[in-house]
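Enquirer: Quick one, structure for this:
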Amino acid sequence: MNFREWNLVFAWVIALAGTLMSLFYTVIALSDPCPLCWYQRIALFPLSVQLGIAAYRRDESFCLYAYPLCFFGLAVALYQSILPALPNLQKSCGIHENCTTRLPEIFGIPFPWVSALGFLLIALLLRMSRFGSVK
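Expert: Numbering: from 1, shown residues only. Down below sits the predicted model:
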């Protein structure tokens, strides 16, 4: 495997880690995700399966199909990230909690920022896998 092919594996690992983290947060920690979190999951869960298949098959052309999911998830994560700064955009984000006042955190970083970083890293790794380097 060359460096470009490893980028698909790294992108898959990031997607898989995000999927497992969100499932842990819901199933083990018993926290209800808000609608914006569900939209991010809608983008992330298929990526974790599809990137695994693409990495196994060394299919670099898959990148073109993954970009829409990455950019959709990134857009939702960035929107959710700015909610605390602009609380008038949405009155309530979740069923029990309000993302305009308190965002769940991991290692002191709010989940939407971790999600945005994950989607951005996946998109960059896919770009490097497809074309060899970020230009």
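Enquirer: Show me the helices in this protein, by range?
Expert: For the chain, the helices defined by DSSP state H occupy 3-23, 35-57, 63-82, 111-131.
Enquirer: so what strands line up beside the least confident helix or strand in the chain by mean pLDDT?
Expert: Using mean pLDDT, DSSP states H and E, the weakest-scoring helix or strand in the chain turns out to be strand 105-106, at a mean of 76. Its sheet considered, strand 105-106 pairs with strand 109-110 (antiparallel) by DSSP bridges.
Enquirer: Show me the shaky parts of this structure.
Expert: For the chain, applying pLDDT under 70 flags the ranges 1-5, 30, 87, 89-104, 130-135.
Enquirer: List the buried residues of stretch 47-65.
Expert: With burial defined by 16 or more other C-beta atoms under 10 Å, the residues of stretch 47-65 counted as buried are 47, 48, 50, 51, 52, 54, 55, 59, 60, 62, 63. All C-beta spots, glycine's among them, are computed from the backbone N, C-alpha and C.
Enquirer: Having no further points to raise, I will conclude here.
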